[in-house]
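[1] test case, fold it:
(chains A and B)
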Amino acid sequence: MATLRAFCLSIAVLAALPALAGEEKFRLKEAPGADKVRANCVACHSLDYIALNSPFLDHKGWEATVAKMGKAFGAPVRPEDAGPIADYLAKHYGKR
Amino acid sequence: MTTRRRFLEMGAGGLAIPAVSSLSLPAWAGKVWQPDELPEGAVAQGLLEALPGKVPLIKRSYRPPNFETPVDYLRDVITPNNAFFVRYHLSGVPTVDAKTWRLKVGGDAAGSALELDFDSLRRDFVAQEIVAVCQCSGNRRGMFSPHVQGVEWGVGAMGNARWKGARLRDILARAGVKKEAIEVAFNGADTAPLPATPDFVKSIPVDIAMGENTLVAWEMNGKPLPHWNGFPARLVVPGWTGTYWVKHLTDVEVRSKPLGGFWMNPAYRVPAGKFPAADPFRTQATAANTPITDIVVNSLVTSLRDGQRFHAGQVIDVAGIAWDGGRGIRRVDVSVDSGRSWQAAELGRDLGRFSFRAFSLKFKADRKGPAVVMVKATNNRGDTQVPELIFNPAGYHHNVIPRIMIEVA
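    Residues are numbered from 1 along each chain as shown, chains lettered A, B, ... in the order given. Prediction:
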């Protein structure tokens, strides 16, 4: 299962990089979709990247970003997860 | 576009940046100035945090680590190692042991393959020193209007240091460079957590690789390279943006064909024709775009903050640093009347054409009311900072003339 794989990877990555502690201080806004964001994004980068790039992307912008993570960086985002992830990001970290 | 400035109050704490690890301090201890133009989320996330061995820097992202130098450390023309900005693309930051480190040189356009250890790198080549600015291509990206995606840097994704190392061309000469060589490519020990993520590999034109200033450096300001800045050895490409300064360097490849891959294309590209004065990178250019190459002429005012108040009669020092991609700074002009008149600032010591150059212009605040201070650097080719942003989708080359509002009361 892709999300489980990503989760396991994230644990492995975090365990391998103790010097980069601190990211646990960043908390995603709790809302439907947050779990999918965590499961799919945290293997490669801390989640503060999302807040860093906010709030200026519209829904299309976040859709394109999620697509880029898969296409350019090889993130194993399942097609059925991409929509809910973009919805969550646009709603909570999107252009107002 | 204006560069209105402000202090960002981030809680209790003095102006001084604490020079201790943030591990024992709340991240919001102290306060740090960030440009007004940054996205709200970037300002909120721009906490002062210390990586091991570094003073607290402005955290842009934890992992991969992207940390920006506060303006307070950019008042001196040499940036301290422990305050030098940190930029990684991939979260697998390697811890490299200099004893087991090897530099492999090869490629289809190399005469032979070669392997150097750390001792031979330092012993077998004539060491060179050069003072040069390392500036992230995306420095000031966060000040773009409209905003573009990426690490939303303020003004401090740059630093200036005295680098010591071997000339790359001397190392390449030992391996041999065939006449069909067009590019030299570089890989470092950093890795991505997912195998599917493109490794961070970069190339430069062979003439830049063979230039007298391009180094494989092992020292920065007289000390070993900090871990976060590429220990034990990194590429130094004076004049060109930081993307080419590969850290934790492990592989050098002399190529007869252009390097492909995400980090050469589509990443780190500027639209064709938008920056006509830039150094060419002919083997990589397409009809639509070309790799970013050298640093555009720029300046940073470090002595004034937007909204700062002065008394009538007070002497105000408009001071800071100016730099470019290696032509050298010819002059820095300052206006204190919204650009109606300009005066040449005094320039500081010349540490070479790739270095920051200090400037200062003192004037007496004799008229009460608001005033707009502007600064414009010019290099030895006559390039100047631009009045309006030259927009490009990746957020590079922001060198807009600032408009700093001050108040004389």
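[2] distance of B:Ala345 relative to chain A?
    34 Å (CB to the nearest CB, to the nearest Å). Every residue, glycine included, has its C-beta placed from N, CA and C.
[3] equivalent analysis for B:Asp306, please.
    Distance from B:Asp306 to chain A, by CB to the nearest CB: 22 Å.
[4] correct me, but that residue touches B:Met405?
    Yes - B:Asp306 lies in contact with B:Met405 (CB atoms under 8 Å); the separation is 5.4 Å.
[5] quick one: which of those two has more around it?
    The neighbour comparison of B:Asp306 against B:Met405 (other CB atoms under 10 Å in any protein chain shown) goes to B:Asp306, with 21 against 18.
[6] now that one: phi and psi?
    Per-residue torsions, B:Asp306: phi -60, psi 140 (degrees, to the nearest 10).
[7] and for B:Ala50?
    phi -110, psi 120.
[8] ditto for the one 10 residues further on
    Here is the backbone geometry of B:Arg60 (degrees, to the nearest 10): phi -100, psi -40.
[9] my guess is it meets B:Gln45, correct?
    Yes - B:Arg60 is within contact range of B:Gln45, at 7.1 Å (criterion: CB under 8 Å).
[10] spit out the residues that contact the two alike.
    Shared contacts of B:Arg60 and B:Gln45, defined by CB atoms under 8 Å, 6 or more residues apart in numbering or on different chains, comprise A:Leu52.
[11] which ones are touching A:Val37?
    Here A:Val37 is in contact with A:28, A:47, A:50, A:85, A:88-89 (CB under 8 Å, 6+ apart).
[12] change it to 6 Å
    Residues in contact with A:Val37, defined by CB atoms under 6 Å, 6 or more residues apart in numbering or on different chains, are A:85, A:88.
[13] now it: which helix or strand?
    helix A:34-41 (DSSP states H and E).
[14] restrict the next helix or strand after that helix to CA atoms and write it as CSV.
    Going down the chain from helix A:34-41, the next helix or strand is helix A:48-52, by DSSP H and E. What follows is helix A:48-52, C-alpha atoms only, in CSV (Å, rounded to 0.1, in the frame of the first residue of the first chain):
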residue,chain,number,x,y,z
ASP,A,48,6.4,23.4,6.9
TYR,A,49,7.0,23.6,3.1
ILE,A,50,3.2,23.8,2.8
ALA,A,51,2.8,26.8,5.1
LEU,A,52,5.9,28.4,3.6
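[15] show me what helix A:48-52 packs onto, helices and strands only.
    helix B:40-45 (3 or more CB pairs under 6 Å, 6 or more residues apart in numbering or on different chains; DSSP states H and E).
[16] contact partners for the residue of chain A found nearest chain B?
    The nearest approach of chain A to chain B comes at A:Gly74, 2.5 Å away (CB to the nearest CB). Counting by CB under 6 Å, 6+ apart, A:Gly74 touches B:194, B:196-197.
[17] and chain A, which residues reach chain B?
    Taking CB under 6 Å from any CB of the partner chain as the criterion, chain A approaches chain B at residues A:9, A:13, A:19-20, A:22-23, A:43-46, A:48-49, A:51-54, A:56, A:72-74.
[18] show the buried residues in those residues.
    Buried by 16 or more other CB atoms under 10 Å in any protein chain shown: A:9, A:13, A:20, A:22-23, A:43-46, A:48-49, A:51-54, A:56, A:73-74, out of those.
[19] ok, now which ones touch B:Val184?
    B:204, B:206, B:209, B:254.
[20] keep only these that also lie close to chain A.
    Applying CB under 6 Å from any CB to these, none is adjacent to chain A.
[21] what about these, which are in helices?
    B:206, B:209 (DSSP state H).
[22] which parts of chain B sit against chain A?
    Residues of chain B lying near chain A (CB under 6 Å from any CB): B:39, B:41-42, B:45, B:49, B:52, B:61-63, B:65, B:147, B:149, B:152, B:193-194, B:196-197, B:262.
[23] which of those are buried?
    For these, buried by 16+ other CB under 10 Å: B:39, B:41-42, B:45, B:49, B:61-63, B:65, B:147, B:149, B:152, B:193-194, B:197, B:262.
[24] which one of these is nearest B:Ile171?
    B:Ile171 lies nearest to B:Phe262 out of these, by CB to CB, at 26.8 Å.
[25] could you tell me whether the closest one really is in a strand?
    No - using DSSP: H, G, I helix; E, B strand; the rest coil, the secondary structure at B:Phe262 is coil, not a strand.
[26] so what's it up against?
    Neighbours of B:Phe262 in contact, by CB under 6 Å, 6+ apart: A:72, B:198.
[27] got a pLDDT number for it?
    As predicted, B:Phe262 sits at a pLDDT of 98.
[28] cool, and A:Ala21?
    70.
[29] so what's the residue count around it?
    The burial count for A:Ala21: 13, using other CB under 10 Å.
[30] B:Val372 now?
    Neighbours of B:Val372 (other CB under 10 Å): 17.
[31] what of A:Glu80?
    A total of 8 residues lie near A:Glu80 under the criterion other CB under 10 Å.
[32] next: B:Pro258.
    17.
[33] quick one: contacts for the residue nearest to it when sequence neighbours are not counted?
    In this structure, B:Pro258 finds its nearest non-sequential neighbour in B:Thr283, 4.7 Å apart by CB to CB, 6 or more residues apart in numbering or on different chains. By CB under 6 Å, 6+ apart, the contact list for B:Thr283 reads B:182-183, B:258.
[34] rerun at 10 Å
    The neighbourhood of B:Thr283, defined by CB atoms under 10 Å, 6 or more residues apart in numbering or on different chains, consists of B:182-183, B:203, B:205-206, B:255, B:257-259, B:291.
[35] and the residue of the stretch 201-350 of chain B found nearest chain A, its phi and psi?
    Among all residues of the stretch 201-350 of chain B, B:Phe262 sits closest to chain A, at 5.7 Å; criterion: CB to the nearest CB. For B:Phe262, the backbone dihedrals (degrees, to the nearest 10) come out as phi -50, psi -40.
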